[in-house]
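*Asks:* only geometry, no sequence info:
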């Protein structure tokens, strides 16, 4: 029999059950990032054994996933537009600035969530509230007056844990629509001989991004059907006391969503505004997966600060796994 679709009442129940408002005080603006403490960062630094640095970012260019064919609207997201302001050609031809300096300059225009990025706590609302009970109207045309991504600029550093779910299940890639369960996350950790600790930054592989790159097409990736976290993993997030969670998909949670019509991205509704969890999306994990499979070390120093853009509700990042 098909699974029962989640209703508005299910979301109301989950919002009340998993609500962390006030847990870190009435003025908190960083949520579960509070789980990572200084001693956790010191311990994470000790995980560096071979000095290998692995980037978990896609390059920011016009080959990114935005604008690909999808049955869902792009919400205004485009791939980065990179423009040169001064070039070597200009310099060679004698076009110099008033100081006579031969140099190049450039600029970029892009949505902050067009590639490898963090969803900040001002990104998704539950009804009329954002994280910690702040009114959603705190996000204005001048940006987020509460929970702006700049509040996290000294965070996103700690112990990283990589979970290769398809490998644990004997697959190359999880099929679209596969709802990753709490049990599968625990099974993956067990098979990898890694244990969760409070304040971890957990990165999960589904294999979807690699499949799209291998096919040479992003079609369906931005907002289309995808493997991802089941709604019931809210319990797992609460139990592990993680700092942040990231994946290699466009939106982390399973698509099609497990909901009745009219409810889109229900897992986001709870994780961001109710639990206060910063979420990483569009992480490139192929190299990390290969390295972890080779050395059997699935924990590392994780460094992935957001760009402190005042009032922003998300940020590009270049996440680093340092082993």
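*Replies:* Yep, it's here. Every value quoted in this text rests on a predicted model; they were computed, and no experiment measured them.
*Asks:* what is the residue nearest the centre of the chain paired to in the beta sheet?
*Replies:* Central residue of the chain (CA atoms, centre = their mean): residue 280, 0.8 Å from the mean position. Residue 280 forms beta bridges with residue 118, residue 246, as assigned by DSSP bridges.
*Asks:* wait, it sits on residue 115?
*Replies:* No. Between residue 280 and residue 115 there is no contact under CB atoms under 8 Å: 11.5 Å. Using the backbone N, CA and C atoms, a C-beta is placed for each residue, glycine as well.
*Asks:* pull the contacting residues for the residue nearest to the centre of the chain.
*Replies:* Contacts for residue 280 (CB atoms under 8 Å, 6 or more residues apart in numbering) come out as 116-119, 203, 244-247, 252, 304, 317, 319.
*Asks:* what subset of those is buried?
*Replies:* Buried members of those, counted by 16 or more other CB atoms under 10 Å: 116-119, 203, 244-247, 252, 304, 317, 319.
*Asks:* run the chain-centre distance for the lengthiest strand in the chain.
*Replies:* Longest strand in the chain, counting residues (DSSP state E): strand 157-164. On the basis of CA atoms, centre = their mean, to the nearest Å, strand 157-164 is displaced by 13 Å from the centre of the chain it belongs to.
*Asks:* identify each buried residue in the least confident helix or strand in the chain by mean pLDDT, please.
*Replies:* Every helix and strand in the chain was compared by mean pLDDT, DSSP states H and E; the lowest is helix 88-92, with a mean of 88. Of all the residues in helix 88-92, those buried under the rule 16+ other CB under 10 Å are residue 90.
*Asks:* begin at 90 from here
*Replies:* Yep, numbering from 90; the last one is helix 177-181 now.
*Asks:* which residues sit against that helix?
*Replies:* 185, 191-193.
*Asks:* ok, now with 7 Å
*Replies:* 191, 193 (CB atoms under 7 Å, 6 or more residues apart in numbering).
*Asks:* now the strands for the stretch 140-289 of the chain?
*Replies:* Using DSSP state E, counting those that start in this stretch, the strands of the stretch 140-289 of the chain run over residues 142-144, 170-175, 194-198, 206-208, 228-229, 232-233, 246-253, 268-269.
*Asks:* just say which of those is most tucked in.
*Replies:* For the strands of the stretch 140-289 of the chain, average neighbour numbers computed from mean count of other CB atoms under 10 Å are highest in strand 206-208, which has a mean of 27.
*Asks:* hang on, the earlier thing: same list, the strands of the stretch 140-289 of the chain, but as CSV with mean pLDDT and distance to residue 134 please.
*Replies:* CSV is the format used below for the strands of the stretch 140-289 of the chain (pLDDT from 0 to 100; distance: least, CB to CB, whole Å):
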stretch, mean pLDDT, distance to residue 134
strand 142-144, 98, 13
strand 170-175, 93, 34
strand 194-198, 94, 32
strand 206-208, 97, 22
strand 228-229, 97, 35
strand 232-233, 97, 31
strand 246-253, 98, 9
strand 268-269, 98, 30
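*Asks:* can you redo the ones you listed as TSV with distance to residue 94?
*Replies:* Formatted as TSV, those follow (distance: least, CB to CB, whole Å):
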stretch	distance to residue 94
strand 142-144	39
strand 170-175	40
strand 194-198	40
strand 206-208	24
strand 228-229	30
strand 232-233	32
strand 246-253	27
strand 268-269	13
